[in-house]
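Student: A structural model of the following input is requested.
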Amino acid sequence: HSVVRNALFCLEMAAEKEESHVYTKALLAYTFALAGKDEKRNALLGSLEKEAVKKDGSVHWQRPGKEPEGDVRYYRSRAPSAELEMTAYVLLAQLTTRPAPSQEELSFASLIARWIIRQQNPSGGFSSTQ
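Tutor: I've put the predicted structure just below:
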């Protein structure tokens with residue numbers, strides 16, 4: 001449909017900007033994955049991987065300029081909902097590929113999933129409403 005085609009064209013132009021916010025890149029990566037635009041998806045995932053926080057056997061993304069968290073022995077605070085959401089969108093983009101994700105993509109996705117699981121509250125929910 002022409003409306004969808006025009007919308008994707010606008011998003012492709014937005015993806016060309018180098019100073020895109022991490023959250024925007026995560027959303028665009030998932031959008032292009034759903035649209036079957038693997039080249040754009042892969043480029044954004046490559047850029048996002050460079051910005052990833054790799055810690056304690058997991059991977060996630062955080063807002064630019066955020067202060068590093070101090071280590072507190074018996075308490076782990078949960079990430080803000082925006083960080084949970086953008087990390088979840090990267091996970092979705094990572095797994096949304098045809099015919100199926102490669103073994104390397106699945107391994108990386110498992111590191112992302114590990115971080116997301118650690119964000120669950122005692123009831124099994126998350127701080128995010130999405």
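
Student: residue 125: which element?
Tutor: Under the criterion DSSP states H and E, no helix or strand holds residue 125.

Student: tally of neighbours for it?
Tutor: 10 (other C-beta atoms under 10 Å). Heads up, the C-betas are built off the backbone N, CA and C, glycines and all.

Student: for it, what are its contacts?
Tutor: Taking C-beta atoms under 8 Å, 6 or more residues apart in numbering, we find residue 125 in contact with no residue.

Student: make it 10 Å
Tutor: Residues near residue 125 by C-beta atoms under 10 Å, 6 or more residues apart in numbering: residue 119.

Student: same question for residue 87.
Tutor: Neighbour list for residue 87: 22-23, 26, 48, 52-53, 58-62, 79, 112-113, 115-116, 119, 128 [criterion: C-beta under 10 Å, 6+ apart].

Student: apply 6 Å and report the result again.
Tutor: Contact analysis of residue 87 by C-beta atoms under 6 Å, 6 or more residues apart in numbering lists 60, 61.

Student: isn't there a helix covering it?
Tutor: Yes: counting by DSSP: H, G, I helix; E, B strand; the rest coil, residue 87 falls inside a helix.

Student: and it, what pLDDT?
Tutor: Looking at residue 87, its pLDDT reads 96.

Student: can you check residue 125 too?
Tutor: pLDDT recorded at residue 125 is 84.

Student: distance check, it against residue 84.
Tutor: If you measure residue 125 against residue 84 using C-beta to C-beta, to the nearest Å, the figure is 11 Å.
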